[in-house]
Every structure is written in C-alpha cells, then in structure tokens.
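Peer 1: sharing a sequence plus its predicted fold:
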Amino acid sequence: MTREEQLQRELDRLREDYQQLERHFDSMSEGYQESLLLYDRLEETNRSLDIARQKAEESSKMKSEFIRQISHEIRTPLNILSGFTQVLTTTGMELDDETKADVCRQILENTDRITGLVNKMLELSDANSQTVIERNDQVLAVQIAAEAADVCGIATAPHLNFDIHVSPEAETAKLTTNQASAVRALSLVLDNARKFTKPAEAHTRYDIPDDKKRATLRLEVKEMSLQFIVEDNGIGIPATEADRIFDEFVQLDSYYDGTGIGLTVARSLARRLGGDILLDTSYAPGACFVMTLPLECS
C-alpha cells in the first residue's frame, strides 16, 4: 500500500469518526432540548401546584371564617329567643300590652333570621349543581322585581332610598322561568345592596351620615334578555375582585354582617335559569350587579 493510499484511508476514517461524532452531538442536542422542555413543564407544574396550594389554604381560611360567622349569626338570635323565653316563663312576671307586642315581634324576627340562615346553608349545598331548573312559569318581569324587593326588605330599609325604574319595553315583558328561583336570585342581589350601603358593625351610630344612601333597580330589555340592574352607592367592589366576589365564603369586609354565600347562590340560580349575574366594573361609586334572564314572550 502506497503512502498516498494510507493517508487516504486515514482521512476516510477521520471523516467517518467526525460524522459519527456529529451524530452523537445531534443526539445530545436533542436530548438537551427535551430536558429543557421537561424542566419547563416541571416548573409550570410546580407553579400550578403552588397556586393550588395557596387557593386551598385560602379556601380553608374562608371556610373557617364562614363557620365562625355562621356560629355568630345563629348564636345572636338564639340568645335573644332564650332571653325572651325566660322573661315569658318567669313566675309572676307581668307585661303590658305594648311590651308583649314588642316581645312577640322580636321573637318572630329572630326566628325568621335563624330560618333564613338555615335555608341559605341548604341552598349553598346545591349551589354547585349543574342541574337546569325547570322553567314553566309565565311571569311579568315587573312582578319578579316587586316580589324580590318585598322579600329582602330593601324598600323599607331606614338607611336607604330605594327606587325601581322600568323601561317602556320592560313594562309588559314576560318571562318563561321558575318564578320562585328568579325571585330568590334577585332578592339576594338586592339584599347585598341593602347590606353594603349600611354602616358596618365597626361604625358607631355617630358615623352614620345625615343623608341616606341610595339603591336602584332598573329593568331593561336587551337582545331578547331581561336585565335586572341593581345599582348602589355603598362601599363598592374593586374590579380585581369581580370574579372572586361570587366564590363561596368570600367577604371583602369582615366588619359587615353576612355569610359570604348570598352572591354564590344567586349566580348559581341565575345560570341554572339560563341567565347569569355579573359585576359591572365600570360603575362608580358603589357597586352595580346585572342579572340577566332569557326573555320569551307567551
């Protein structure tokens, strides 16, 4: 074998080794890229787990606060009922007619308060249901509005001026819905406006301004839907809390009475009736909730 042939053979071997080494580098590069992808996925999974952990911890805290609040909400009327029972059953205790009437009124009010709390808790257990509520009632939208305002007591709240405005199109608008559920959902939204236009528990009576707060219920027809628009000039809700406010047990201000489940139940009912409830984040000052139900003419 000549010297030139030996050099050519060595050159071919080196070229083959180089190609093999190149293939190894390509394989290593692919493996490195796959490792980077796996690492990114792992980082994303860790972030998701961390967010889930934070939400779980927050949920646990909210549930604990809910239990504490419910205990307070139930204990107060129970103590009142217990006190009145002792008065009424005390031997030799004589009460004038006015005092008896006041005692009876407070017994009824606190009994209704306990019943309302129990009903809310029962409704909450059904709030995550996806079952569509049967809609067999033909009812005027104005009738739903009037009943809801009456049920929640917003029209007679002493700290509040309340008005209902009905557009000409909505005056005769009729819905095919479930009347009881529609009234319940709207009454919970109205009750929210009544509650958060009132001074919080932390405020004394001297903090109450001379001028009353304001709340309005507007009825409007929009794209084959009936909108129940509840506006108030109360404490308001930050735009960043627009979705969270509907979560179970959420209370943005712990100094206000409540359980943090009213809006959760209200939106669940509205959605199961084919509608929805949203917070209008462009509204100020105060809060504006829009409850929409499908409009069908008989």
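Peer 2: Looks like it arrived, so ask away.
Peer 1: going by C-alpha atoms from here, please, whenever you check contacts or count neighbours.
Peer 2: Fine.
Peer 1: buried residues in stretch 270-279?
Peer 2: Along stretch 270-279, these residues count as buried under the neighbour rule (16 or more other C-alpha atoms under 10 Å): 270-273, 275-277, 279.
Peer 1: helices of the stretch 101-250 of the chain, start to end?
Peer 2: Taking DSSP state H, counting those that start in this stretch as the criterion, the stretch 101-250 of the chain contains helices spanning 141-152, 168-171, 179-195.
Peer 1: among those, which is the most enclosed?
Peer 2: Mean neighbour count (mean count of other C-alpha atoms under 10 Å) peaks for helix 179-195 among those, with a mean of 23.
Peer 1: on that earlier part again, select, out of the helices of the stretch 101-250 of the chain, the one closest to Glu4.
Peer 2: Evaluated over the helices of the stretch 101-250 of the chain, closeness to Glu4 peaks at helix 179-195, with 95.7 Å, by C-alpha to C-alpha.
Peer 1: for that closest one, what is the distance to the chain centroid?
Peer 2: When C-alpha coordinates are averaged (C-alpha atoms, centre = their mean, to the nearest Å), helix 179-195 and its chain have centres 13 Å apart.
Peer 1: pull the number of nearby residues for the closest residue to Lys213 other than its chain neighbours.
Peer 2: What sits nearest to Lys213 in space, not counting adjacent residues and going by C-alpha to C-alpha, 6 or more residues apart in numbering, is Leu160, at 4.8 Å. By the criterion of other C-alpha atoms under 10 Å, Leu160 has 19 neighbours.
Peer 1: follow-up on the earlier one: quick one, which of the helices of the stretch 101-250 of the chain gets closest to Gly31.
Peer 2: Where the helices of the stretch 101-250 of the chain are weighed against each other on C-alpha to C-alpha, the nearest is helix 179-195, at 57.0 Å.
Peer 1: about what we covered before: export the helices of the stretch 101-250 of the chain to TSV and tack on distance to Ala215 and mean pLDDT?
Peer 2: Output for the helices of the stretch 101-250 of the chain, formatted as TSV (distance: least, C-alpha to C-alpha, whole Å; pLDDT from 0 to 100):
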stretch	distance to Ala215	mean pLDDT
helix 141-152	11	96
helix 168-171	19	94
helix 179-195	7	94
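Peer 1: okay, these in a markdown table with distance to Ala52 next?
Peer 2: What follows is the helices of the stretch 101-250 of the chain, written out as a markdown table (distance: least, C-alpha to C-alpha, whole Å):
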| stretch | distance to Ala52 |
| --- | --- |
| helix 141-152 | 36 |
| helix 168-171 | 44 |
| helix 179-195 | 29 |
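Peer 1: among those helices, which is nearest Glu231?
Peer 2: That would be, of the helices of the stretch 101-250 of the chain and by C-alpha to C-alpha, helix 179-195, which comes in at 7.5 Å.
Peer 1: out of the buried residues of stretch 270-279, who's nearest Thr240?
Peer 2: Each of the buried residues of stretch 270-279 was scored against Thr240 by C-alpha to C-alpha, and Leu279 proved nearest at 10.8 Å.
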